[in-house]
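Undergrad: could you work out the structure for the sequence below:
(chains A and B)
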Amino acid sequence: MSERTRGRTGRTVGENEDRSVPVLVRKLRKEFDGLIAVDDLEMMISPGLLYGLIGPNGSGKTTAIKMFVGLLRPSGGEAYVLGEKVPGRENVQRVGYMPQETAVYPDLTIHENMELFAELYSVSREDFERREKLLLDVIDLKARKDSLVSQLSGGMKHRTSLACTLIHDPELLFLDEPTVGVDPELRVGFWEYFGNLKARGKTVVLTTHYMDEAVRCDVVGMMRAGRLIAEGAPKDLMARANASDLESAFMFFSRGDNA
Amino acid sequence: MNPRRILAIAMKNLRGLKHDRRTVGFLVFMPLLLITIFGYTFGGDVENLDVEIVSFDDAPEGTSIASAITSDLATRDTMSIVRVTSPSEATDGTVQAALDKVRDADLLALIVFEQGFTEDAYEALFALRNGTLVMPGSFRVYIDGTNPNIVSAMMNDLQTSIQKVLVSPSFAIVLPIVATPELVYGEGAEFIDFFAPGVMGLAAMMVTFMLSIISFVHERGQSTLDRLLASPATEGEIVSGYVLAFGLVGLIQSLVILITAILLFGIEIQGSAVLALSMIFVFGIGMQGLGFVLSALARNEFQAVQFMPIVLFPSILLSGVFWPLEAVPDVLRPASYFLPLTYAVEGLRSVMIRGWGVGDVWLQLVVLLVFAAVMMLLSTYGLKKRR
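TA: Next up is the predicted model:
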């Protein structure tokens, strides 16, 4: 439990508004018609980290991210993203969000989808052309650039969605299950790119239910029933749980939370 | 409000349409089909009604009013006279046989002139001059009344013949009273002129509403709306982008209808075409806003489609597109005044047929502008609320 409370004590209100802190969450709650989706969540994500939120379906990962990007209003507590209390509009330009569903327009081509989001984020023409080229390489869809998204496979759509999120080169990324439906080979490429983003000083917050992937994160936050039950470097978590993989570690902390 | 973002959202909607050839085809050909079908159907009169005539009128040929009416009817297309039975051949049996045909729906009507019809008519005329009163000459028309339009078309045609025959040189009976219409507006206007503005309004309404409700159900369903809302685009910009794109589509449709109506049916626009199209544009904005608002209540396309008849039918029936508002029963009339299409159609007709300007249709313009503004505000609020 000590991981959960790390760095929480002794903060002042002023520090909440530190624009360099990607995510700071205090007693964050979200209820839907009496159903508690996020329950007194406490967390802090430091800049330049690859942070993985893991947990079973319904553990509150997506709800938490939707509050961070301003799509849902917290029922209680507060969350600061880049120093601004959510929901706020000040930092939208600095944040990238990839929804869990394949949120791209099926009646547009890959290129047109990317162009739309570039326009919405006021990306200059040259920047757009340069990044589009780069991202098409990353998602390995250069040849399908002018194909309608509706004609792509599920995995390809998902990759397009990632490219749309990255087109304005945000410094903080919220990726909700970015690798789901992506074949293993390409997934390796994705993680290399996430590492690349990190190397360029970006903060990446992602959710995944592939435990083997989560090992590649700097910090993993384990969520269960709307709460963070453990947080730390994958190695440390496994050591504390005396487990050989994250899955067993998750089971260990789950039991601890129940007790 | 950032114009670049509004434009980006508008372009996205138009591009999406561009890739969907069938929908583009639908958007262009649906109004074309509407105006063509309606133009020909309603533009034409009721014609070629099968009628049989049995005459017992024994007045000599040349003085018989019955045969004069019969030959006059034949000069027009309303009735197609299948058979005429002359007094020498007419029996109760012929009447019965013809009546059976009407009952079997093989004939639409049977006209029977009784014996002494001409004589009765003259007697009535003399009686009128003498100041006495007798029964007028009368004949019977047995009509299949299934379709009231056919009944009234046929009776009108008969009245026309009676009047023509009476004033003709052989009878020279001048009617004591004649009403002469002097058209204030709509000199030379045909039914299609009355109809075209209605179809323009209706087509714009159907398409803008349909496009916006389906698009928004998709935006919500596929989470692209989440992505838009998480971007720097504000709710107002999203709504404006949509308005721009689909308003334009509605406008192009009206243009298609207008051009078709001018080229194919020779309608004339008395007033400003720009004013007419502006009214359509504003109306289209309002309707697409309504689609936007209702899309929040639809969980999928199927539920969205259910809204269409609910929204369309009252408008089609109560807004004066096909029937004049004056024909709407008093009970339903207030509903007519709640329907924006009522104002769009009334405004369009005033501009296109009466040749009125902005100053004359200000009421319709104001109503449409308020409708559009309220719908846009509601749409924006609807998007904001979900946060």
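Undergrad: so which bits of chain B are right by chain A?
TA: Taking C-beta under 8 Å from any C-beta of the partner chain, the part of chain B that reaches chain A is made up of B:2, B:4-5, B:7-9, B:11-12, B:15-17, B:19-20, B:222-224, B:226-234, B:386-387. In this view, the C-beta of every residue, glycine as well, is placed from N, C-alpha and C.
Undergrad: do that again at 10 Å, thanks
TA: Taking C-beta under 10 Å from any C-beta of the partner chain as the criterion, the neighbours of chain A within chain B are B:2, B:4-5, B:7-9, B:11-13, B:15-20, B:23, B:215, B:218-219, B:221-234, B:237-238, B:241, B:385-387.
Undergrad: so of those, which ones are in helices?
TA: If you go by DSSP state H, the residues of chain B next to chain A have B:4-5, B:7-9, B:11-13, B:15-19, B:23, B:215, B:218-219, B:221, B:224-230, B:237-238, B:241, B:385 in helices.
Undergrad: buried subset of these?
TA: B:5, B:7-9, B:11-13, B:15-17, B:19, B:23, B:215, B:218-219, B:224-230, B:237-238, B:241 (16 or more other C-beta atoms under 10 Å in any protein chain shown).
Undergrad: how many neighbours does residue 114 have?
TA: As the question left the chain open, I've gone with chain A. Using other C-beta atoms under 10 Å in any protein chain shown as the criterion, A:Met114 is surrounded by 24 other residues.
Undergrad: actually it's chain B I care about, not the one you picked
TA: By other C-beta under 10 Å, 16 other residues sit near B:Glu114.
Undergrad: how about it, nearest residue that isn't a chain neighbour?
TA: Leaving out its chain neighbours, the residue that sits closest to B:Glu114 by C-beta to C-beta, 6 or more residues apart in numbering or on different chains is B:Phe56, at 5.4 Å.
Undergrad: contacts only, for that neighbour.
TA: Going by C-beta atoms under 10 Å, 6 or more residues apart in numbering or on different chains, B:Phe56 touches B:66, B:85-87, B:90-92, B:94-95, B:112-117, B:139.
Undergrad: buried residues in stretch A:177-195, which are they?
TA: Of the residues in stretch A:177-195, those buried by neighbour count under the rule 16+ other C-beta under 10 Å are A:177-180, A:182, A:186-187, A:189-191, A:193-194.
Undergrad: name the SS class of B:Arg83, please.
TA: strand (DSSP: H, G, I helix; E, B strand; the rest coil).
Undergrad: pLDDT value on it, please?
TA: Each residue has a pLDDT score; the one for B:Arg83 is 90.
Undergrad: so how many other residues sit close to it?
TA: Other residues near B:Arg83 come to 14 when the count uses other C-beta under 10 Å.
Undergrad: now swap in the one 10 residues further on and tell me
TA: The burial count assigned to B:Gly93 is 8, neighbours taken as other C-beta under 10 Å.
Undergrad: so which strand or helix has it?
TA: helix B:92-103 (DSSP states H and E).
Undergrad: A:Phe194 too?
TA: For A:Phe194, the secondary-structure element it belongs to, assigned by DSSP H and E, is helix A:184-199.
Undergrad: again, but for A:Glu78
TA: Taking DSSP H and E as the definition, A:Glu78 sits inside strand A:76-81.
Undergrad: which strands and helices sit next to that strand?
TA: Taking 3 or more C-beta pairs under 10 Å, 6 or more residues apart in numbering or on different chains; DSSP states H and E as contact, the helices and strands that strand A:76-81 lies on are helix A:13-16, strand A:23-32, strand A:35-45, helix A:61-68.
Undergrad: which one of the ones you listed lies closest to B:Leu258?
TA: Put simply, out of the helices and strands packed on strand A:76-81 the one that sits nearest B:Leu258 is helix A:61-68, at 46.7 Å, with distance taken as C-beta to C-beta.
Undergrad: before we move on, the earlier item: check which helices and strands the helix or strand just after the helix holding B:Gly93 sits against.
TA: Using DSSP H and E, the next helix or strand after helix B:92-103 towards the C-terminus is strand B:109-113. Using 3+ C-beta pairs under 10 Å, 6+ apart as the contact criterion, the elements in contact with strand B:109-113 are strand B:49-55, helix B:65-74, strand B:79-85, helix B:92-103, strand B:139-143, helix B:148-167.
Undergrad: switch to 7 Å and redo it
TA: The elements that strand B:109-113 packs onto, with contact taken as 3 or more C-beta pairs under 7 Å, 6 or more residues apart in numbering or on different chains; DSSP states H and E, are strand B:49-55, helix B:92-103, strand B:139-143.
Undergrad: what's the most buried one of those?
TA: Counting by mean count of other C-beta atoms under 10 Å in any protein chain shown, strand B:49-55 has the highest mean neighbour count of the helices and strands packed on strand B:109-113, with a mean of 24.
Undergrad: show the pLDDT at the nearest residue to B:Gln253 once chain neighbours are set aside.
TA: With sequence-adjacent residues excluded and distances taken as C-beta to C-beta, 6+ apart, B:Gln253 is closest to B:Pro31, at 4.7 Å. Confidence at B:Pro31, expressed as pLDDT, is 84.
Undergrad: B:Pro31 touches B:Val256, doesn't it?
TA: Yes: because the distance of 5.1 Å satisfies C-beta atoms under 7 Å, B:Pro31 is recorded as touching B:Val256.
Undergrad: higher neighbour count, the two?
TA: Set side by side, B:Pro31 and B:Val256 show unequal neighbour counts under other C-beta under 10 Å, the larger going to B:Pro31 at 26 against 20.
Undergrad: ok, residues contacting stretch B:223-231?
TA: Outside stretch B:223-231, the residues that touch it by C-beta atoms under 7 Å, 6 or more residues apart in numbering or on different chains are A:69-71, A:92, A:97, A:99, A:101, A:103-105, A:117, A:120-121, B:219, B:238, B:383.
Undergrad: keeping just the C-alphas, turn that stretch into CSV.
TA: Listed in CSV are the C-alpha atoms of stretch B:223-231, where the atom choice follows Å, rounded to 0.1, in the frame of the first residue of the first chain:
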residue,chain,number,x,y,z
SER,B,223,-16.6,7.4,-30.4
THR,B,224,-15.3,9.8,-32.9
LEU,B,225,-17.4,12.4,-31.0
ASP,B,226,-15.3,11.7,-27.9
ARG,B,227,-12.2,12.4,-30.0
LEU,B,228,-13.6,15.6,-31.4
LEU,B,229,-14.6,16.8,-27.9
ALA,B,230,-11.2,16.0,-26.5
SER,B,231,-9.6,18.1,-29.3
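Undergrad: please name the nearest non-neighbouring residue to B:Glu235.
TA: Counting by C-beta to C-beta, 6+ apart, B:Glu235 lies nearest to B:Leu383, which is 4.0 Å off, once chain neighbours are set aside.
Undergrad: can you report how many residues neighbour that neighbour?
TA: Around B:Leu383 sit 21 other residues, with neighbours defined as other C-beta under 10 Å.
Undergrad: mind listing what it touches?
TA: By C-beta under 7 Å, 6+ apart, the residues touching B:Leu383 are B:229, B:235, B:238.
Undergrad: closest one of these to B:Val165?
TA: In terms of C-beta to C-beta, no member of the contacts of B:Leu383 lies closer to B:Val165 than B:Ile238, at 69.5 Å.
Undergrad: and the closest one, what pLDDT?
TA: Model confidence at B:Ile238, expressed as pLDDT, equals 94.
Undergrad: contact partners for it?
TA: Listed by C-beta under 7 Å, 6+ apart, the contact partners of B:Ile238 are B:9, B:228, B:383.
Undergrad: would you list those residues in CSV and tack on pLDDT?
TA: Converted to CSV, the contacts of B:Ile238 look like this (pLDDT from 0 to 100):
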residue, pLDDT
B:Ile9, 95
B:Leu228, 94
B:Leu383, 87
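Undergrad: just to revisit the earlier point, nearest to B:Pro340, out of the buried residues of stretch A:177-195: which one, please.
TA: When these are ranked by distance to B:Pro340 (C-beta to C-beta), A:Glu177 comes first, at 43.9 Å.
Undergrad: helices or strands next to the helix or strand hosting B:Ala344 in the packing?
TA: In this structure, B:Ala344 sits in helix B:340-349 according to DSSP H and E. In terms of contact count using 3+ C-beta pairs under 7 Å, 6+ apart, helix B:340-349 is assigned the packing partners helix B:191-221, helix B:273-295, helix B:362-385.
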